[in-house]
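J.: quick one: sequence and predicted model below, then my questions.
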Amino acid sequence: MDAAGRDRVEAGQGVQWSDGASAAAVAEAHRREWAFVLAATVRVTRDLDLAEECVQDAYAQALAAWSDRGVPAKPGAWLTTVARRRALELLRREATMRRRLPYLLMEQIEPGPGDGDAPDIPDDRLRLIFTCCHPALSVEAQVALTLRLLCGLSTAEVARAFLVGEATMAARITRAKKKIATAAIPYRVPATDELPARVDAVLTVVHLLFTTGHTAPAGAELIRGDLVERSLELARLLRTLLPDDAGVAGLLALILLTDARRDTRMDANGRLLPLPEQERSRWDRRAIDEGVALVRHALRHRPPGRFALMAAIAAVHAEAPAWQDTDWAEIVALYDLLVRLWPSPVVALNRAVAVGFAIGPAAGLAALDALVAEPQLAGYAYAASARGAFLARLGRFGEARVAYEEALLLTENAVERAYLAARLENLTENEPSC
Amino acid sequence: MPQYLVLIYDDEAVRSAANPEEFERLMKAHEEFCAADGAVIRGGNALQGADTATSIRPDSAGGFIVTDGAFAETKEVLAGYYLVEVAHLDEALAVAKRVPAPFGGVEVRPIRVFE
């Protein structure tokens, strides 16, 4: 295969769907089976780019074949067979050509009876996940590879998700793939002693995807539903593949419990509604029930993981019938544990906010002021807006105004900006007119 | 099997503040590392200080400019290295974490193979 062929695939927009039931089935298979098909094809190609091209090709073939002959009983197995056959074809043709990158390293592959026979296709998704989320790659690259290789997003879609140019994203992905090949990052599931740290790296990536979707760092939309759903699917996939891991259970619980509020986070006019103003009867009960059960499971692990504790905090909110009923003492206690386990300035900030509700705005403000020296919070909009809220509750409107103005300067999401602007305006009305 | 160069970097300010006992401990730690991981070590050396380095760059006239000092002036300087041969990066990182480097840290670089 020539370089131009690869570039065309790199720049591709994914598979285009036409109307009809088979097209819907292909779209469904794209969402559900992409990671499985790609992971199994990488085993044959030992090259990520080539595997991607073959899988794209298999989905394109499915579009025609499934509308002619109907949707196969096992779409994933059908797609894998086609992709692997294509890979073997291209590999034979390519054998005489110079390779760009070294082959991926993997443990000895036990030859299955007949390549592509459905029951013999191994589930290599964990290998793919651990390769994408390898700590020797930058976190940005880990996130990009996860969306691209595990979720099957095109480079353009990944670029849009993170509001960077497509050329920048393409370069980031190419560079990461090159490092995987040349530094010999293996296509493997880490050994037991490495596993906890490596699983945590994977969870960090999925959590970052979720938070980016839950409140978009910039742009016109508050929520990027597509990213939230991708992160939820990834967390569910990890739960299937690593059923005994408490951290995975904790992260899935956190996503479910936080996302359960999605439909109530804005009013009909697109105005942001903070937690006290949300209509709790419209929170997603099924997601909450599932999340609470997972939190219980995750907290049995000692010491509890950071995601389990964050999920436990979300569960306290989920289980309060109304804002006034929130068990703030419990939330502060959970934050105390979390700060000890995961001493990050952002966690300390959230704890300070909880203290403000548990004890009072003066105590909250004092806890916040204790964090002013944290460089990580200096450019953090939520630190400024939390300060503004406590100052306003204390009647110190002039200082509250300064804090809200600072928050507004640091906020790039349009819906959050509108919310902060409204708070500022409200402040003016309350300000003593002397 | 891939080979990796594990480069040991020292913060020279930290190193010069160390006392003789610390250097003795460090020597012993390297001996122990070499004994424990000898099976994958293909070579290695400690280097003299960066103040003994000489850098050579080509000039624009086809000749050379020879200057006193290390190639890049940084806080951490190259202080030694091990060449290791292992199955993949995960194993290289595991070995690299065992390399004694109390005055800085290590960098792992895959060896390029020309075919």
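T.: Cool, got the structure.
J.: okay, and for chain A, where does confidence drop off?
T.: A:1-19, A:95-100, A:108-120, A:428-434 (pLDDT under 70).
J.: again, but for chain B
T.: For chain B, the ranges with pLDDT under 70 are B:115.
J.: spell out which parts of it neighbour chain A.
T.: Residues of chain B lying close to chain A by Cβ under 8 Å from any Cβ of the partner chain are B:2, B:87-90, B:92-94, B:110, B:112. C-beta coordinates here come from the backbone N, C-alpha and C atoms, glycine included.
J.: please indicate which of these are buried?
T.: B:2, B:88-90, B:92-93, B:110 (16 or more other Cβ atoms under 10 Å in any protein chain shown).
J.: ok, the closest residue to chain B within the stretch 51-200 of chain A to A:Leu137 distance?
T.: Nearest residue of the stretch 51-200 of chain A to chain B: A:Pro186, at 3.8 Å (Cβ to the nearest Cβ). From A:Pro186 over to A:Leu137 the distance is 13 Å, taken as Cβ to Cβ, to the nearest Å.
J.: just A:Arg32 next, same as before
T.: Note on A:Arg32: its distance to A:Leu137, by Cβ to Cβ, is 26 Å.
J.: for A:Ala352, same thing?
T.: In terms of Cβ to Cβ, A:Ala352 sits 34 Å off from A:Leu137.
J.: ok so, going back, put together TSV for the buried ones among the residues of chain B next to chain A, with secondary structure on each row.
T.: Converted to TSV, those look like this (DSSP: H, G, I helix; E, B strand; the rest coil):
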residue	secondary structure
B:Pro2	coil
B:His88	coil
B:Leu89	helix
B:Asp90	helix
B:Ala92	helix
B:Leu93	helix
B:Pro110	strand
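J.: make TSV from those and add distance to A:Arg125 to it.
T.: Formatted as TSV, those follow (distance: Cβ to Cβ, whole Å):
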residue	distance to A:Arg125
B:Pro2	25
B:His88	19
B:Leu89	20
B:Asp90	18
B:Ala92	25
B:Leu93	23
B:Pro110	26
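J.: circling back: of A:Pro186 and A:Leu137, which one has the most company?
T.: Higher neighbour count among A:Pro186 and A:Leu137: A:Leu137, with 24 against 21, using other Cβ atoms under 10 Å in any protein chain shown.
J.: surely that one meets A:Leu145?
T.: Yes - taking Cβ atoms under 8 Å as the definition, A:Leu137 is a contact partner of A:Leu145 at 7.2 Å.
J.: what about A:Gln142, how many residues nearby?
T.: A:Gln142: 22 neighbours (other Cβ under 10 Å).
J.: now what about the helix or strand containing A:Gly250, what contacts it?
T.: In this assignment (DSSP states H and E), A:Gly250 forms part of helix A:246-259. Applying Cβ atoms under 8 Å, 6 or more residues apart in numbering or on different chains, the external contacts of helix A:246-259 come out as A:196, A:199-200, A:203, A:206-207, A:210, A:214, A:228, A:231-232, A:235-236, A:238-239, A:242, A:284, A:287-288, A:290-292, A:294-295, A:297-298, A:300-301, A:304-311, A:314-315, A:317-318.
J.: beyond it, next helix or strand please.
T.: helix A:285-299.
J.: report the contact partners of whichever residue of chain B sits closest to chain A.
T.: Closest residue of chain B to chain A, Cβ to the nearest Cβ: B:His88 (3.8 Å). By Cβ under 8 Å, 6+ apart, the contact set of B:His88 is A:105, A:184-186, A:188, B:2.
J.: name the element the residue nearest to it when sequence neighbours are not counted belongs to?
T.: Leaving aside its chain neighbours, B:His88 sits nearest to A:Pro186 (3.8 Å; criterion: Cβ to Cβ, 6 or more residues apart in numbering or on different chains). Secondary structure assignment for A:Pro186, by DSSP H and E: no helix or strand.
J.: just to check, A:Pro186 is in contact with B:Leu89?
T.: Yes - using Cβ under 8 Å, A:Pro186 makes contact with B:Leu89 at a distance of 6.7 Å.
J.: name the next helix or strand downstream of the longest helix anywhere in chain B, please.
T.: The single longest helix within chain B, with elements called by DSSP state H, is helix B:20-37. Note on helix B:20-37: by DSSP H and E, the next helix or strand toward the C-terminus is strand B:41-46.
J.: got the contact list for that next one?
T.: So strand B:41-46 is contacted by B:3, B:30, B:34, B:79-85 (Cβ under 8 Å, 6+ apart).
J.: hmm, stretch A:33-43 in reach of chain B?
T.: No - no part of stretch A:33-43 sits near chain B under the criterion Cβ under 8 Å from any Cβ; the closest distance found is 15.1 Å.
J.: just the CA trace of that stretch, in PDB.
T.: Extracted C-alpha coordinates of stretch A:33-43, given in PDB (Å, rounded to 0.1, in the frame of the first residue of the first chain):
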ATOM      1  CA  GLU A  33     -17.900  -3.500  17.700                       C
ATOM      2  CA  TRP A  34     -15.300  -1.100  16.500                       C
ATOM      3  CA  ALA A  35     -12.800  -1.700  19.300                       C
ATOM      4  CA  PHE A  36     -13.300  -5.500  19.100                       C
ATOM      5  CA  VAL A  37     -12.800  -5.600  15.400                       C
ATOM      6  CA  LEU A  38      -9.800  -3.300  15.400                       C
ATOM      7  CA  ALA A  39      -8.200  -5.000  18.400                       C
ATOM      8  CA  ALA A  40      -8.500  -8.400  16.600                       C
ATOM      9  CA  THR A  41      -7.200  -7.000  13.400                       C
ATOM     10  CA  VAL A  42      -4.100  -5.400  15.000                       C
ATOM     11  CA  ARG A  43      -3.200  -8.900  16.000                       C
END
